[in-house]
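[1] predicted coordinates and the sequence they were generated for:
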Amino acid sequence: MRGKKPLKELTLSVPAQETPVDKFLTASGTFKDGELRLNQRGLQLISEENGDEHQSTKMKVEDVQLSMDDLEMIQVIGKGSGGVVQLVRHKWVGTFYALKGIQMNIQESVRKQIVQELKINQATQSPHIVLCHQSFYHNGVIYLVLEYMDRGSLADIIKQVKTILEPYLAVLCKQVLEGLLYLHHERHVIHRDIKPSNLLVNHKGEVKITDFGVSAVLASSIGQRDTFVGTYNYMAPERISGSSYDYKSDVWSLGLVILECAIGRFPYTPPEGEGWLSFYELLEAIVDQPPPSAPADQFSPEFCSFISSCIQKDPAERMSASELLNHAFIKKFEDKDLDLRILVESLEQPMNVPE
Ligand SMILES: Nc1ncnc2c1ncn2[C@@H]1O[C@H](COP(=O)(O)OP(=O)(O)OP(=O)(O)O)[C@@H](O)[C@H]1O
């Protein structure tokens, strides 16, 4: 009979290795790695050839130069494995941001990945990727000043509505696919952690991907120093079995997320009354069993086909983000002028932002 461990609490421990602090911190408290410098004033890239300092291009996106002193803390809006996310307001301009703090870990491999992700974050600009306005390093914590998504994550939304209807799913999915297309084709980045809590929504009905790579890096030890904390629930079979993987692994994860939103439960959850899958049963089911599918008696043929185009165990059989953008399920609702605002306006706002 199956174990009773809840799926959400799957954890795995790995030993941490430490690196002397002076290898990545200057005496003045600047975090450095190769050309990257991160301190209270923000992020800078130092050109290796001529030693020139140039400000991060991301800083130029803002007319307002952000500094930690300018930000007023309002309240905690979320907690992830790496740290806390707070709603903050620019004291003078009044703009709201989500400030994500990442406890710095001195494990070398993790640090390298964070640096990599900070650089990607800095260069990323797409209407379907949560904008990172700026980053700071201060007292052992890396802070990311993120665009505030005032309707929270898809995880928050499905807690409230349980299921989302096909037309809204098509609109939502199209936006996520456009974000993935940008990451895959223009940035050459595999997100690696597509899950409901990494898809954020705002009152305009915009859906944006967040945490690309950073969360995967965090999961591999920053938050809880000696412990790997993350979810394998949405991980593609080729990643679980240690085979090589590519952009298509994000498509598997998206397929599972969309199916979950449609049926109102995580697709690998056993039928009611049969308990939970244990950690190993879940991994075994993903790798060895046929993939889940949308029940044909409850969903349109286009939706069922869309899901099975995403949740193919063999990545070669899985469609890419660009192919999926042309799938009949997405096309079916494209000219219907559907607005996700209608869905989000009916929801409780996760955070009552003061006027
Ligand atoms: N830019 C943002 N705007 C609004 N809310 C946000 C923003 N970023 C994060 N949040 C909220 O904070 C929560 C925690 O985010 P965080 O990225 O730290 O962790 P997570 O993705 O939930 O989990 P994990 O760290 O395991 O990946 C999110 O689920 C979301 O509700």
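    Arrived safely.

[2] quick check: which element contains residue 76?
    Here residue 76 sits within strand 71-79, counting by DSSP states H and E.

[3] contact partners of that strand?
    For strand 71-79, contacts defined as Cβ atoms under 8 Å, 6 or more residues apart in numbering pick out 84-91, 96-99, 145, 152-153, 197, 350-351, 353-354. The way it works is simple: take the backbone N, C-alpha and C, and place the C-beta from them, glycine included.

[4] put the buried members of those residues into a PyMOL selection.
    Filtering those down to the buried ones (16 or more other Cβ atoms under 10 Å) takes a single PyMOL command:
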select buried, resi 85+86+87+88+89+90+97+98+99+145+152+153+197+350+351
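
[5] circling back: just the buried residues of the strand holding residue 76, please?
    71, 74, 77, 78.

[6] for the ligand, tell me which of these show up nearby.
    77, 78 (Cβ under 6 Å from any ligand atom).

[7] adding pLDDT, write the buried residues of strand 71-79 out as CSV.
    Below are these laid out as CSV (pLDDT from 0 to 100):
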residue, pLDDT
71, 91
74, 95
77, 92
78, 88
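
[8] check the contacts of strand 71-79 against the ligand, which are close?
    The residues of those that also fall near the ligand, by Cβ under 6 Å from any ligand atom, are 85, 98, 152, 153, 197.

[9] quick one: contacts for the first one?
    Contacts here follow Cβ under 8 Å, 6+ apart; on that basis residue 85 touches 76, 77, 78, 79, 98, 99, 100, 101, 146.

[10] now it, which residues is it bridged with?
    Bridge pairing for residue 85 (DSSP bridges) gives the partners residue 78, residue 100.

[11] just the pLDDT for it.
    For residue 85, the pLDDT comes out at 92.

[12] helix, strand or coil: sort out the closest residue to residue 146 other than its chain neighbours for me.
    Among residues not flanking residue 146 along the chain, residue 98 sits closest, at 4.4 Å (Cβ to Cβ, 6 or more residues apart in numbering). Under DSSP: H, G, I helix; E, B strand; the rest coil, the three-state class of residue 98 is strand.

[13] ok, now the one 4 residues further on?
    The local conformation at residue 102, judged by three-state DSSP, is strand.

[14] pLDDT wise, what is it at?
    In this model, residue 102 carries a pLDDT of 79.

[15] number of nearby residues for it?
    Using other Cβ atoms under 10 Å, residue 102 has 26 neighbouring residues.

[16] from what I can see it touches residue 138, true?
    No: checked against Cβ atoms under 8 Å, the pair residue 102 and residue 138 is beyond contact range at 11.2 Å.

[17] please identify every residue contacting each of those two.
    Between them, residue 102 and residue 138 share no contacting residue, judged by Cβ under 8 Å, 6+ apart.

[18] out of the buried residues of strand 71-79, which is nearest to the ligand?
    Distance to the ligand across those (Cβ to the nearest ligand atom) is lowest for residue 78, with 2.0 Å.

[19] gap between that closest one and residue 200?
    10 Å (Cβ to Cβ, to the nearest Å).

[20] so which bits of the chain are right by the ligand?
    Residues of the chain that fall close to the ligand, judged by Cβ under 6 Å from any ligand atom: 77-82, 85, 98, 100, 130, 146-149, 152-153, 155-156, 197-198, 200, 210-211, 215, 218-219, 230.

[21] quick check, residue 160 in contact with residue 344.
    No: counting by Cβ under 8 Å, residue 160 does not reach residue 344; the two are 10.3 Å apart.

[22] break down the protein into its strands, ranges please.
    Using DSSP state E, the strands found in the chain span residues 11-13, 31-33, 36-39, 42-46, 53-55, 71-79, 84-90, 96-103, 132-138, 141-147, 199-201, 207-209, 227-229.

[23] okay, the angle between the longest one and strand 132-138?
    If I follow you right, that is strand 71-79. Angle of strand 71-79 versus strand 132-138, following axes from the mean of the first three to the mean of the last three Cα atoms, to 10 degrees, is 100 degrees.

[24] tell me the angle strand 71-79 makes with strand 96-103.
    Using the same axes, to 10 degrees, the direction of strand 71-79 lies 70 degrees away from that of strand 96-103.
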